[in-house]
Structure formats: structure tokens, C-alpha cells
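Undergrad: Prediction below, plus the sequence it came from.
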Amino acid sequence: MVEDSEIISVVNEQGESIELLSVDEWIADIDSNVESGKGVVVTPADDVELLQESLHKIPLIALDFVSFDDGRGYSQATLIRKRWGYSGEIRGINAHLDQLQFMLRSGVNTYDLQEQYQGSNERDYTHGFSICYQVAANNDGMKQKF
């Protein structure tokens, strides 16, 4: 899991390196962080409502999925993408292979797998299901059964 004040960076969809700050660091100086193009890393315990007012200014939000049995990242992605209308990149970091479909369906649009999964066939995990039993941000190509 990413620790507070541990600055990491990721490469976004456009191939640019984006420095990530914790939620607290982002809120402490929003204007300066916007000017320098920094993104935000969100841990499962973070309150994403603190970002709601400045969402449109954040170039990239990285949700930490390091703990396989912690589903708060899915709820955070759904709030950010569906409820609050964030249109930027939401990246799942420290992702487990089995989480990919759920991450994508909740609003995450890019991801970085944990090292142990590098080289795996991701397609089966991102597009391997054709039926869903619940509404989600991304039900593209799936038959909905309720």
C-alpha cells in the first residue's frame, strides 16, 4: 500500500510521467499541484469526498488495489466516475489479475498489475465475462440479467 507522503509516479495514457500525491498533500496546496500537473493516489482508507470539489483539476487519479480482499477501491471509482462525473484517467495501481473486470466495470480505465502478474493473458480477465447481474459504470457488450 502507498504510504502518506510517499510520492510515486505513473505513466498516463499519453505516455507522460505524472507525479502522484496523497489526498492530504493534494488538498494542502491544490493550486500549486494543478499548476505542476500532479495527480492523486487514493488508498482504500482515504475519503474521496475530500477531492470532489477539485476533481475537474486532477489529471489522473490512481486507486490503490494492493489488498485483494478490500473492495473500497471499486466504490471510490464508482463515486468518482459515475456519481461525480470525472472524465479523466482513473488508474488502478497494484492490481491483482482477478480484479481487472471489476475495476473496469466500476470506472477504472487503466491499470498497473502487480509484478507477479506481468506477462499474463489479461484479455480473459478484462473481457472474459458476457453476463452481469448488477448495474455498473461499464457494462459494454454484456447482457444484463436482473
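TA: The structure has been received and is ready for your questions.
Undergrad: Please name the bridge partners of Ile61.
TA: Taking DSSP bridges as the rule, Ile61 bridges to Val40, Ile90.
Undergrad: quick one, what contacts it?
TA: Residues near Ile61 by Cβ atoms under 8 Å, 6 or more residues apart in numbering: Gly39, Val40, Val41, Val42, Leu51, Ile80, Tyr86, Gly88, Glu89, Ile90, Arg91. Just so you know, the C-beta spots here come from the backbone N, C-alpha and C atoms, and that holds for glycine as well.
Undergrad: what helix or strand is Tyr111 on?
TA: Per DSSP states H and E, Tyr111 falls inside strand 110-113.
Undergrad: returning to what we had before: including neighbour count, pLDDT and distance to Gln116, could the contacts of Ile61 go into TSV?
TA: TSV is the format used below for the contacts of Ile61 (neighbours: other Cβ atoms under 10 Å; pLDDT from 0 to 100; distance: Cβ to Cβ, whole Å):
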residue	neighbour count	pLDDT	distance to Gln116
Gly39	23	97	25
Val40	26	97	26
Val41	26	97	21
Val42	27	97	23
Leu51	23	97	30
Ile80	25	97	27
Tyr86	20	97	30
Gly88	18	96	28
Glu89	19	97	24
Ile90	25	97	23
Arg91	24	96	19
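Undergrad: So for the strand holding Tyr111, mean pLDDT?
TA: Averaging pLDDT along strand 110-113 gives 90.
Undergrad: what does that strand contact?
TA: Contacts of strand 110-113 (Cβ under 8 Å, 6+ apart): 10, 12-13, 89-97, 100, 103-104, 120, 122.
Undergrad: Parallel or antiparallel, which strands does that strand pair with?
TA: strand 89-95 (parallel).
Undergrad: Show the subsequent helix or strand relative to the strand it pairs with.
TA: According to DSSP H and E, the helix or strand after strand 89-95 is helix 100-106.
Undergrad: ok, back up a step: which ChimeraX command selects the buried ones in the contacts of strand 110-113?
TA: To isolate the buried ones among these in ChimeraX, judged by 16 or more other Cβ atoms under 10 Å, type:
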select :10,12,89,90,91,92,93,94,95,96,97,100,103,104
